[in-house]
Structure formats: C-alpha cells, structure tokens
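S.K.: the following block contains a protein sequence and its predicted model.
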Amino acid sequence: MKKIDGGVIAPNGFKASGIHCGLRKNKSKLDLALIYSDKKCAAAGVFTTNKVFAAPVGVSRAHLADGYAQAIICNSGNANTCNADGYEKANLTCATLAKELNIAETDVLVASTGVIGAPLPIEPILNGIPQLVAELGNSAEAGEAAAIAIMTTDVKKKEFAVEYEFDGVTIKIGGICKGSGMIQPNMATMLAFVTTDANITPEMLKKALAEVVDNTFNMVSVDGDTSTNDTLTILASGYAGNKLIDSDGAAYQAFKDALNYLCTRMAKSIAADGEGATKLLECNVVNFNDTTGARKLAKSVINSPLVKTTIFGADANCGRILCALGYAGVDFDTDKVDVKFVSSAGEILVCENGLVIRFDETTAKEILLKDYIKINIDMKSGDVSATAWGCDLTYEYVRINGDYRS
C-alpha cells in the first residue's frame, strides 16, 4: 500500500470538476463540485444520524437503494436543510444533471453544505451545471477544483489517494472531504466522497464502508454537534480488472484495509482543520476489555470542552481527562488508569493507577505546545484499543460561529 496523488480522480474511470456558480458571495470561491464515472458504479453511502436531516440526504439515500450510482454533485454555501422546497430543489438538481450527462436521475447523488435554514437559490446551480459538466477532467487541477468547491469554513482542501496490489492487480482508492465545524459523528458536518476502481459488488462495498466508518469518521469530533447533512459515499468503477470481490476473504480484507487507511487519513485531516483549531488531538485508549466501551471512553475525552481548552492552553490538567472518562457511561476500574501526554517534544506520565502524580510542569508544557498531541490512556484491564481524533477549542472557534451566517 502506498500514498499516491490525485484524490477522487486517481482511480481509473473517474473525472471531476469544480466551479463558481454564484452561491457564494465571493466570486473567487468555488461552490459547485461534480464527480463522474463514465459507467454505472457499485455504490454505497453512510449518512447523518440526526433526525433533522437535509433534503439531499433523503434524496441520496433513496437513489442508493439499488446499490448503484454514476455521479455526485455537491454545492457549498447552503445546506438545503429545513426548507419547504428542499426536496423539490434537490430532485431538480439531480434531474438537470442527469439530462446533461445522459444518465438516469436515480444514478445521481446530491449533497449540500453551508448555512442551515436559508432558502437554497436553485438558479445558480441549474445554470452552472452545463459549465460543470463541460469542465469535467481527470487532471490534478480538476480533482483539486472539486475538493475546493465543497469547502465551507475549512482552511485546507482535503484530498487523498492510495493504491495497493492484490493478485498482481493494482487497485486505487481516492477521496475528497470537507469538515471543520459541527463535527460529532455518527456522522457530522462532514462530506466525504470516495472513488475506487476495484471490482466489487454493491453488497461488499456497503459492508466494507460500514465497518471502516466505525473506526474512522465515527471517531472524530470537533465540537460535539451532529450535523444535518453528513454524507459519505463511495463509487466503484471496476476498471482495475481484479477478480470480483463478492464475499469475505483475502481480497475483501485487502480492500477494506486500504479503505480504512484512506478514511483514517481523511478523518484526521478533518479533526486537524477544526474551526479555529491550532492542535490535532488523538486519544488512544488501550488495554480495555470491550471495543464499544473503549470507543466511548476515547470519544468522551475528545469531546470534552475542558480537555480541549486545557490542551489549547498547554496546561497538563490530567483531572479533566479523568473526569471525562468518568462520565463516559462505561464501567472501568478507576484504580488502574494511567495517562500520558505525547508529542514530538517527548512524553510524560501525568496519572498512574488513577492518581495524579508529580511531574515536571515545564516539560509537560513543552510537550503540549506542539501541534499534534496524543493522550494515551492505559486501562490495564484487557487487550482492546480505540482511537479518537479531535482538536483544541480556541477563541477563534467562538468568533467563527458567532457570525457564521454573515
């Protein structure tokens, strides 16, 4: 397995584009993206668990019912959520794109991100679709344009790709994603679009995606808010030419491992680019007796505003971590817990057997001043581990969200 360039256009059979259609006030900001395959693809998706979900989520869920899709269109600048005409506009977007591409309307997936509750101006999208299709390409620039067009408060574009070899065949998986605020899966204001040229059935693709999500995107939190628009979709063109993956086995495991690697990179990039963030946080809970419990413990620490602010201030306040573990709703032996802070500046033990110990405050501060902080928690009660990712909570987060609509 190795990293490659290209994002969603790295796998064979895919093209992408991104344009400014007029949804964003700033004309220099791209706001409409398209990913397209020249053949119908096996497809799967995972969506927000919020009972209040966007119209595009409902439409894409319905279009994925048969396990196939061919195109994904996404706008930024408006979430198309809580609007009386939301479904009408999402369906019209799909129908207009389908006609332009000469494909079935039900083979189009649609996504939106931006302000919730504001009416979606549909004319810029409909008028922009011909240009969006005309600019489809498989160049690095085309893939990058799509990655940029889905961004809202993101500071960095997020595109990744990986390839691996199985039975002498090279298989590629690529993806783009966005997410900066309202991040608390299952799932969150994350949009993630993945492509692969693997030859795999819709059933096995859906199974792989569901299994991978639990350990990657569903272990990310920026601010504890679950969005209305979260969407993760994957299209598989089959152009790699590998033997069809239609059951569990070595070929399926190799594909899932590569997908997990890609989604881990994508999930960490979202955590690192949290609104106003200065530090990426990683909480590793090890040696526990239950997978579900380990995940809950890790996410409880990552979700804690007090933990996030203490890391922002480079204050090695271990009590806040122990507190977050304690209210996670998981049974554990409090007399066995060890906590370490780790970064490129070194590591320091701050809690042993459930008790805060004496440590060098200067060393601890040097460790916590780095931009990638690991909180390693040893439960000493089993052999199960879990990892969650998040970011620090800063003054800038409040500023961004205090005037988000403007």
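M.R.: That came through, no problem. Residues are numbered from 1 along each chain as shown.
S.K.: longest strand anywhere in the protein?
M.R.: Criterion DSSP state E: the longest strand present in the chain is strand 32-47.
S.K.: helices or strands up against that strand?
M.R.: strand 14-19, helix 55-63, strand 68-78, helix 122-134, helix 140-149, strand 191-196, helix 202-215, strand 231-236 (3 or more Cβ pairs under 8 Å, 6 or more residues apart in numbering; DSSP states H and E). Glycine gets a C-beta too; all of them are placed from N, C-alpha and C.
S.K.: apply 6 Å and report the result again.
M.R.: Judged by 3 or more Cβ pairs under 6 Å, 6 or more residues apart in numbering; DSSP states H and E, strand 32-47 is in contact with strand 14-19, strand 68-78, helix 122-134, helix 140-149, helix 202-215, strand 231-236.
S.K.: between those, which one is closest to C323.
M.R.: Nearest to C323, of all these, is helix 202-215, at 25.4 Å by Cβ to Cβ.
S.K.: need the contact partners of the closest one.
M.R.: A42, A44, V46, G67, I234, A236, I245, Y252, K256, L259, N260, C263 (Cβ atoms under 6 Å, 6 or more residues apart in numbering).
S.K.: let's have these in JSON lines, adding distance to A90 and pLDDT.
M.R.: JSON lines is the format used below for those (distance: Cβ to Cβ, whole Å; pLDDT from 0 to 100):
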{"residue": "A42", "distance to A90": "23", "pLDDT": "98"}
{"residue": "A44", "distance to A90": "19", "pLDDT": "97"}
{"residue": "V46", "distance to A90": "18", "pLDDT": "91"}
{"residue": "G67", "distance to A90": "20", "pLDDT": "98"}
{"residue": "I234", "distance to A90": "20", "pLDDT": "98"}
{"residue": "A236", "distance to A90": "24", "pLDDT": "98"}
{"residue": "I245", "distance to A90": "32", "pLDDT": "98"}
{"residue": "Y252", "distance to A90": "33", "pLDDT": "98"}
{"residue": "K256", "distance to A90": "31", "pLDDT": "98"}
{"residue": "L259", "distance to A90": "27", "pLDDT": "98"}
{"residue": "N260", "distance to A90": "31", "pLDDT": "96"}
{"residue": "C263", "distance to A90": "26", "pLDDT": "94"}
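S.K.: check the residues you listed and tell me the two furthest apart.
M.R.: Using Cβ to Cβ, these reach their maximum pairwise distance at G67 and N260, which is 21.0 Å.
S.K.: neighbour count: the two, which is higher?
M.R.: Under the criterion of other Cβ atoms under 10 Å, the comparison of G67 against N260 puts N260 first, with 17 against 14.
S.K.: out of everything not next to it in sequence, what's closest to that one?
M.R.: V212 (4.7 Å; Cβ to Cβ, 6 or more residues apart in numbering).
S.K.: what bridges to V356?
M.R.: C351 (DSSP bridges).
S.K.: where's it relative to C323, distance?
M.R.: 12 Å (Cβ to Cβ, to the nearest Å).
S.K.: and what of K279?
M.R.: With Cβ to Cβ as the criterion, K279 and C323 are 20 Å apart.
S.K.: highest mean neighbour count out of the helices and strands packed on strand 32-47?
M.R.: Greatest average neighbour count among these goes to strand 231-236 (a mean of 28), per mean count of other Cβ atoms under 10 Å.
S.K.: after that strand, next one along is what?
M.R.: For strand 231-236, the succeeding helix or strand toward the C-terminus, using DSSP states H and E, is helix 250-272.
S.K.: run the angle between whatever helix or strand comes next after that next one and helix 250-272 for me.
M.R.: The helix or strand immediately downstream of helix 250-272 is strand 280-288, counting by DSSP H and E. Angle, strand 280-288 to helix 250-272, by axes from the mean of the first three to the mean of the last three Cα atoms, to 10 degrees: 130 degrees.
S.K.: return the distance of strand 280-288 from the chain's centre.
M.R.: Relative to its parent chain, strand 280-288 has a centroid offset of 19 Å by Cα atoms, centre = their mean, to the nearest Å.
S.K.: now the angle from the helix or strand following it to helix 250-272?
M.R.: Remark: after strand 280-288, the chain's next helix or strand is helix 291-303, criterion DSSP H and E. Here helix 291-303 points in a direction 20 degrees away from that of helix 250-272 (the same axes, to 10 degrees).
S.K.: let me see the mean pLDDT of the very next helix or strand once past helix 291-303.
M.R.: Using DSSP H and E, the helix or strand that directly follows helix 291-303 along the chain is helix 305-312. For helix 305-312, the per-residue pLDDT values average out at 93.
S.K.: can you show me the CA trace of helix 305-312 as CSV?
M.R.: C-alpha atoms of helix 305-312 as CSV (Å, rounded to 0.1, in the frame of the first residue of the first chain):
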residue,chain,number,x,y,z
PRO,A,305,-14.6,21.2,26.1
LEU,A,306,-12.5,21.3,29.3
VAL,A,307,-10.0,18.9,27.9
LYS,A,308,-9.9,20.8,24.6
THR,A,309,-9.3,24.1,26.3
THR,A,310,-6.6,22.7,28.6
ILE,A,311,-4.7,21.4,25.5
PHE,A,312,-5.2,24.8,23.8
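S.K.: quick one: low-confidence ranges for the stretch 301-406 of the chain?
M.R.: 400-406 (pLDDT under 70).
S.K.: quick one on the thing from earlier: who has more neighbours, K279 and C323?
M.R.: Set K279 next to C323 and count neighbours by other Cβ under 10 Å: K279 wins out with 23 against 16.
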